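Trainee: sequence plus predicted model, see below.
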Amino acid sequence: MSRRDALLQLVTLALVVAGIGWLIANVADNLDRQNIASGFGFLNERAGFGISQTLIDYDEDDSYRQVLIIGLLNTLLVSVLGIIFASVLGFLLGVGRLSRNWLISKIAMVYIEIFRNVPLLLQIMFWYFGVLRNLPSPRQAINIGDVMFLSNRGFALPSVSFMDGAGFYGLALLAIIVTAIGLRRRARKLFLATGQIVAFWKPLGIVSLAVLLLAGAVAGLPFAADIPSLRGFNFRGGMSVIPEFVALLLALSLYTAAFIAEIVRAGIMSVYQGQREAAAALGLSHNRALSLVVIPQSLRVIIPPLTSQYLNLTKNSSLAVAIAYPDIVSVFAGTTLTQVGQAIEIIFITMMVYLLLSLLTSWAMNRYNARIALVGQN
Amino acid sequence: MKKLAEIFAASAALTLLTLLPVRAAEDTLQVVQQRGYVKCGVSQGLPGFSNPDDKGNWNGIDVDLCRAVAAAVFGTDEKVKFTPLSAKERFTALQSGEVDLLARNTTWSMHRDTALGVDFTGVNYYDGQGFMVRAELGITSTKELDGASLCTNLGTTTELNAADYFRTHNMQYEMVAFEKADEAVSAYNTGRCDAYTTDQSALYAQRLKLTDPKAHVVLPQIISKEPLGPVVRQGDNQWGDIVRWSHNAMLNAEELGVTSSNVETMKSSTNPSIKRLLGLDGSFGANMGISNDWAYHIIRTVGNYAETFERNVGKDTPLGIARGVNALWKDGGLQYAPPIR
Amino acid sequence: MSATWQPKPARPAPTHVVGVWGWMRQNLFATPGDVLLTIIAALALYYTIDVVFHWAIIDASFSGTDRTACLKEVQGACWPFIEAKFGQFIYGRYPEAERWRVDLVYLIGFVGLVPLLVPQIGWKRANVIFMLGPFPIFAFLMLTGGAFGLVAVETTDWGGLLVTLVVAITGIVASLPLGILLALGRRSEMSIVRSLCIGFIEIFRGVPLITVLFMASVMLPLFLPDGVNFDKLMRCLIGVALFSSAYMAEVIRGGLQAIPKGQYEAAAALGLGYWRVTGLVVLPQALKMTIPGIVNTFIGLFKDTTLVLIVGLFDLLGIVQFHFTDASWATPETHITGYVFAAFVFWVFCFAMSRYSIFMENRLSTDRD
């Protein structure tokens, strides 16, 4: 490195340090002069407000720390479900876009062009203020088999509570999972050794049925369904899916699916044409060629941009604040910020949480990517 | 030798930056006078308090207070500019000097007064939190709201009050808090919530925006004290005094029967209180660093408290709010201004 | 006797591959599965078109002055609402008498932009200099006023498409140079500069724009010395510019990485220093290559401008949303009509840009061949 570079670096560093120092001095001066509280002590204070969707126990006596966790869990919930739905839909659309069926291909194209060229926030508001508002009030709720009710308060679903003996069913489930893994391994081993395709679903079905019957014989049916019913203003009992969640999930999934579809399309098109022809020459049908030959190879191209779509979806879930879905930005960088008034600490924590989520997601996807790349090379 | 020069240059750059002058706080009055107008933080649109009409002219009871301050400082109520602020930004905007004065239907609470670096200078509207529900539900009392979904604005005292109230009365509720009042009202209007809760005066104001205002009733109960008042930065007492006494002058004017229409004739009044109010006696304005006829200009351009109340929220406005607790103390209300003496 | 070889006339293609019927057989009904898919898709398509057509045209209202026009038994879109509020949607609360100033800025911007986008038209350098230098100054003076006898218009009165375009265009113009610097810094051999750039880029790419905007609207004032503050629109512009510069940096980095090492070496062999290598040889190639990526970033930025409504600015979506509170237009269809209108405006802009990006992509790929 030349001396001039060293100087340039030094000056840059000095500028940045000085700039940050200047900002910190300003903040300290402002906070001090205006007598604004600082520090993270507020996290232990009583929150005192209600939240419309809490995945873990919460009441108004809990601290702001609990609010932070609840907000984070709500963000994660909508992000994870959004990622799943967007991936499935995006994959179908991407494959559909390349379908030899002209109509399917054009429909996929129109969908993609519409949904990815309209701002997400507008789509969220469209679903929430535009569409869901047309649902009936709880008293005129759409009744699905007397157990599920759809109204402008959301989706009231039955929930299941477990009584004594439900543990046996847990054990049964465990046994089924273990069997499935064992069968899969054996089948794979045999397949690699002899090329034989071993039955998998049939033995698994038989074992499952047997185990479940056994559990039933021992424990009976230790479940109680809690069915929602209309009492007073709202449905009580059971489980409630709030409309804010539905609108946000819908918009996030539909929007991101359009982007994923384009990624999938590009991925599939990147697979060398010869591969497809070779697969056809081996007698594989179009669909089998796609699922056994083309898609596994295209994954290597698909995964990196897909990762950034997943990250985008997670970050975009912060638009929840516009429709009162209690995600981290809404309950923590929103309500908590205004109640406590410590903007710097709260925005800092919020940003750190998102950075951490980004790092975790890219780490996980990189691991997966590495595995796929290796398989491909062997 | 060359290396030495480089190190010198680098450290010089560093020192220069750290020594960048941090501008010292100037007193607000001086800044305002130099700038030529008052910057007033108001709501993003709340009829009766601060609301822009189609042409962008602001009016409302909070807006009138801003205009009164401008009249006190400049002798004309025109020299004021309004900055619409969300509930979340309002205190930061005041702290950072983006506005000189916050008149944004803001509740005076101890936490805000002591921990946010701001000072409340009085109460220009005594309010309380109430609930609005659909008339068809036939509800008459807040006690009947068990299990209701509530729409409200995120980051306000209302969110906390409602939580406290429902807990105290052992009732269930679902809180749906929106970033903007418009969104909360819109969600209530679409049926997402059974009740919309905020300051009662705002309920009357927001009701005007609903599809059919008559189909909604504001419940009579009030579940909290919400004294709304103007806010200034902490530590600038002179400016705080000007804002405080602009409001007090309007109250004293009402008490003494001085209105915008009779203020000229009142100038020849022999009542010593009126003489002091209109700056014909004493040097009350000069003590605050402004002209002695400060209150005269307020009354001449904006009017007394009764005038601004009736013009913006009173019986003959769409809001139709009675004076109630906002009547003068001698009429059984809470509005009480210390004397100008 | 000369026997010239006469080819037999080609036999006609089998009937199942020609004509409408043949095309349909190949593209719609190739296999039984396809037949099923086609039928389902056709039914879904018919249903969707039917609903949209009824809503937008048959059951819609087209004229009226208030909500009574849109309260039919079966009511579709409420187009008079858009008509009545159109001026607001485009200009916000910008005073009516001054709107010609906005129009003039639009016009000049348009006249300057079109030749810039069409590759065949020359004068690119002069045009770029005009669009990045005099034009923004002119637009700023024109829009804010307060000088040259123009009435000052506070930014709080700006709104609608005007704010959307101001935020988006300032964002792109500011983020391009910043993004170039960040991308160069990230590829620099100077470790400190590189880590600073990586830190900046990764932090801004890792957090949602809304937190950046919150930071700009409630935190930035605390970072500035007492008494110094910016207009809210300005603060949002800073936030948006920093945010998009991080994304821009990554796009440009992709372009820089695609430049063969030989180019650097050849330029260095000619005796050019770092800045001249970069400015004269590398960047022109890299930027040209990344035009599609830059346009795509711009599309993202354009859509993201809607987020400023959350911090209380009235962009196009914000002002549409704001006018829903007008009781004289409160009907069950007002919301959907407003959203569809806003969606259509955004769609036209974004779709046009994405087509342009594809056009440039094709053009560039043929250039290289």
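Mentor: On my side now, so go ahead.
Trainee: going forward, measure contacts between C-alpha atoms and count neighbours the same way
Mentor: Will do.
Trainee: look up how far chain A lies from the residue nearest to C:Phe302 when sequence neighbours are not counted.
Mentor: Nearest residue to C:Phe302, sequence neighbours excluded (C-alpha to C-alpha, 6 or more residues apart in numbering or on different chains): C:Ala168, at 5.3 Å. As defined by C-alpha to the nearest C-alpha, to the nearest Å, C:Ala168 lies at a distance of 13 Å from chain A.
Trainee: residue contacts, the residue in the stretch 251-369 of chain C positioned nearest to chain A?
Mentor: Nearest to chain A in the stretch 251-369 of chain C, going by C-alpha to the nearest C-alpha, is C:Lys303, at a distance of 4.6 Å. Shown in contact with C:Lys303 (C-alpha atoms under 8 Å, 6 or more residues apart in numbering or on different chains): A:Asn117, A:Val118, A:Pro119, A:Leu120, C:Phe346, C:Cys350.
Trainee: go again with 7 Å.
Mentor: C:Lys303 makes contact with A:Val118, A:Pro119, according to C-alpha atoms under 7 Å, 6 or more residues apart in numbering or on different chains.
Trainee: please identify which helix or strand holds it.
Mentor: Using DSSP states H and E, C:Lys303 maps to helix C:291-304.
Trainee: let me know the average pLDDT across that helix.
Mentor: Average pLDDT, helix C:291-304: 89.
Trainee: same check, this time on stretch B:139-153
Mentor: The average pLDDT for stretch B:139-153 rounds to 90.
Trainee: let me know the next secondary structure element after the helix holding C:Lys303.
Mentor: Trace forward from helix C:291-304 with DSSP H and E and the next one is helix C:316-323.
Trainee: shouldn't B:Gly229 be in contact with B:Asn105?
Mentor: Yes. With contact defined as C-alpha atoms under 7 Å, B:Gly229 reaches B:Asn105; the gap is 6.5 Å.
Trainee: now do the SS call for C:Ala10.
Mentor: coil (DSSP: H, G, I helix; E, B strand; the rest coil).
Trainee: can you pull out the helices in the stretch 101-250 of chain C?
Mentor: Here the stretch 101-250 of chain C has its helices, by DSSP state H, counting those that start in this stretch, at C:124-132, C:134-144, C:161-186, C:191-206, C:209-214, C:220-223, C:232-257.
Trainee: who has more neighbours out of B:Gly229 and B:Asn105?
Mentor: Applying other C-alpha atoms under 10 Å in any protein chain shown to B:Gly229 and B:Asn105 shows that B:Asn105 carries more neighbours, namely 27 against 23.
Trainee: mind listing the residues bridging to the nearest residue to that one once chain neighbours are set aside?
Mentor: Among residues not flanking B:Asn105 along the chain, B:Leu228 sits closest, at 5.2 Å (C-alpha to C-alpha, 6+ apart). Note on B:Leu228: beta-bridge partners B:Thr107, B:Tyr125, judged by DSSP bridges.
Trainee: residues near B:Leu228, how many?
Mentor: Residues near B:Leu228, counting by other C-alpha under 10 Å, number 23.
Trainee: how about it, what does it touch?
Mentor: Neighbour list for B:Leu228: B:Asn105, B:Thr106, B:Thr107, B:Trp108, B:Val123, B:Asn124, B:Tyr125, B:Tyr126, B:Asp127 [criterion: C-alpha under 7 Å, 6+ apart].
Trainee: what's near enough to touch A:Val95?
Mentor: A:Val95 touches A:Arg265, counting by C-alpha under 7 Å, 6+ apart.
Trainee: tell me the secondary structure at it.
Mentor: A:Val95 - assigned by three-state DSSP - is helix.
Trainee: OK, contacts around the nearest residue to A:Ile328 once chain neighbours are set aside?
Mentor: Nearest residue to A:Ile328, sequence neighbours excluded (C-alpha to C-alpha, 6+ apart): A:Gly71, at 3.8 Å. The neighbours of A:Gly71, taking C-alpha under 7 Å, 6+ apart as the test, are A:Pro326, A:Asp327, A:Ile328, A:Val331, A:Phe332.
Trainee: measure the third one to C:Asp304 for me?
Mentor: With distances defined as C-alpha to C-alpha, to the nearest Å, the gap from A:Ile328 to C:Asp304 amounts to 20 Å.
Trainee: give me the more crowded residue out of the two.
Mentor: A:Ile328 (28 against 20).
Trainee: check what pLDDT the residue nearest to C:Ile203 when sequence neighbours are not counted gets.
Mentor: Distances taken as C-alpha to C-alpha, 6+ apart place A:Leu355 nearest to C:Ile203, at 6.9 Å, with adjacent residues excluded. In this model, A:Leu355 is scored at 92, pLDDT.
Trainee: what does B:Leu14 give?
Mentor: We note a pLDDT of 46 for B:Leu14 in this prediction.
Trainee: show me which residues of stretch B:324-341 are buried.
Mentor: The neighbour-count check on stretch B:324-341 (16 or more other C-alpha atoms under 10 Å in any protein chain shown) flags B:Asn326, B:Ala327, B:Leu328, B:Leu334, B:Gln335, B:Tyr336, B:Ala337 as buried.
Trainee: could you list the contact residues of chain B toward chain A?
Mentor: Taking C-alpha under 7 Å from any C-alpha of the partner chain as the criterion, chain B approaches chain A at residues B:6, B:10, B:14, B:17-18, B:88, B:115-117, B:147-148, B:154-155, B:159-160, B:163, B:174-179, B:190-192, B:234.
Trainee: what strand or helix carries B:Met175?
Mentor: Using DSSP H and E, B:Met175 maps to strand B:173-178.
Trainee: ok, that strand: who's next to it in the sheet?
Mentor: Partners of strand B:173-178 in its sheet, by DSSP bridges: strand B:148-153 (parallel).
Trainee: export the next helix or strand after the partner strand to PDB, keeping only CA atoms.
Mentor: Going down the chain from strand B:148-153, the next helix or strand is helix B:157-168, by DSSP H and E. The C-alpha coordinates for helix B:157-168 follow below in PDB (Å, rounded to 0.1, in the frame of the first residue of the first chain):
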ATOM      1  CA  THR B 157     -52.400   8.600  26.200                       C
ATOM      2  CA  THR B 158     -55.700   7.200  25.000                       C
ATOM      3  CA  GLU B 159     -54.200   3.800  24.500                       C
ATOM      4  CA  LEU B 160     -53.000   3.700  28.100                       C
ATOM      5  CA  ASN B 161     -56.200   5.100  29.600                       C
ATOM      6  CA  ALA B 162     -58.400   2.600  27.800                       C
ATOM      7  CA  ALA B 163     -56.200  -0.300  29.000                       C
ATOM      8  CA  ASP B 164     -56.400   1.000  32.500                       C
ATOM      9  CA  TYR B 165     -60.200   1.500  32.400                       C
ATOM     10  CA  PHE B 166     -61.000  -1.900  31.000                       C
ATOM     11  CA  ARG B 167     -58.700  -3.600  33.500                       C
ATOM     12  CA  THR B 168     -60.100  -1.700  36.400                       C
END
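Trainee: the inter-axis angle of helix B:157-168 versus strand B:173-178?
Mentor: 170 degrees (axes from the mean of the first three to the mean of the last three C-alpha atoms, to 10 degrees).
Trainee: run through who's touching helix B:157-168.
Mentor: A:Gly48, A:Phe49, A:Gly50, B:Gln129, B:Thr152, B:Gln172, B:Thr198, B:Ile223, B:Ser224.
Trainee: and what of stretch C:188-208?
Mentor: Identification of contacts with stretch C:188-208 by C-alpha under 7 Å, 6+ apart yields A:5, A:9, A:315-316, A:318, A:351, A:354-355, A:358, C:182, C:185-187, C:243, C:246-247.
Trainee: derive a ChimeraX selection command for the buried subset of those residues.
Mentor: Applying 16+ other C-alpha under 10 Å to the contacts of stretch C:188-208 leaves a buried subset, and the ChimeraX line that selects it is:
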select /A:9,315,316,318,351,354,355,358 /C:182,185,186,187,243,246,247
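Trainee: farthest-separated two in the contacts of stretch C:188-208?
Mentor: A:Asp5 and A:Ser318 (41.3 Å; C-alpha to C-alpha).
Trainee: ok, the residue nearest to B:Asn105 to chain A distance?
Mentor: Per C-alpha to the nearest C-alpha, B:Leu228 is found 17 Å from chain A.
Trainee: I appreciate the help and will end here.
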